[in-house]
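Trainee: following is a predicted model, sequence given first.
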Amino acid sequence: MEKNPENRSKSRRLWEEFWILKPVGLRYQVQKGTIVLFRMPAGSVSAAASPAENKLQAARAALRSVPKDTARAQKLLFEIVEKDKGTLEPGSLCYVYVYLGYIEDRAMNRDQAVAWYKQALEVPEADMVRECAQGGLKEPLTWIRHLDSD
């Protein structure tokens, strides 16, 4: 990916310029290379997200952070598996298993990673995420586009 902002696609620039962090009621905007946070009006934060979905979003944020907070992400993902997996949509549950496999692969725990990918493939109706799980079975999954910038 090009480091030069002029070469980025329009949608990528828009995504970087304004994004809403719904679970915590914040939005941010990139202004001249600086991230500026704004609190959203009280009524604009969605109350419809389940606790499990909120944990998944928090785990995703921990895996996007630099450096990655894999311990926090793993704790949240384990909580979902142990207590909340029945409340998630199939695609979200599949992401939980793929992320757990990804964490294990990054920690060089290949056997545990493969077990998580197999569990992801058992989730019905999770077509889009299944490709990640299938790839993780073939070789260690240490890079996921929406988690790893480069």
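Mentor: Now that the structure is in, tell me what you want to look at. Numbering: from 1, shown residues only.
Trainee: contacts, neighbours, all on C-alpha from now
Mentor: Fine.
Trainee: what residues does the helix ranked longest in the chain touch?
Mentor: Taking residue count as the measure and DSSP state H as the definition, the longest helix of the chain comes out as helix 90-106. The contact list for helix 90-106, computed with C-alpha atoms under 8 Å, 6 or more residues apart in numbering, reads 53, 56, 70, 74, 77, 80-81, 85, 110, 112-117, 119-121, 123-130, 132-133, 136, 140-143.
Trainee: 6 Å - rerun?
Mentor: The set of residues that contact helix 90-106 without belonging to it, under C-alpha atoms under 6 Å, 6 or more residues apart in numbering, is 113, 116-117, 120, 126, 133, 140-142.
Trainee: who touches the next helix or strand after that helix?
Mentor: Sequence-wise, the next helix or strand downstream of helix 90-106 (DSSP states H and E) is helix 110-121. Applying C-alpha under 6 Å, 6+ apart, the external contacts of helix 110-121 come out as 94, 97-98, 101, 104-105, 133, 137.
Trainee: in those, find the pair that's most separated.
Mentor: Within the contacts of helix 110-121, C94 and D105 form the most distant pair, 16.4 Å apart (C-alpha to C-alpha).
Trainee: one step back: okay if I get the contacts of helix 90-106 as CSV plus pLDDT, distance to P90 and neighbour count?
Mentor: Rendered in CSV, the data for those read as follows (pLDDT from 0 to 100; distance: C-alpha to C-alpha, whole Å; neighbours: other C-alpha atoms under 10 Å):
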residue, pLDDT, distance to P90, neighbour count
A113, 97, 19, 27
W116, 98, 15, 24
Y117, 97, 14, 27
A120, 96, 10, 27
A126, 80, 6, 18
A133, 94, 14, 26
P140, 96, 23, 18
L141, 94, 21, 24
T142, 92, 23, 15
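Trainee: out of those residues, who's nearest L63?
Mentor: Nearest member of the contacts of helix 90-106 to L63, counting by C-alpha to C-alpha, is T142, at 11.5 Å.
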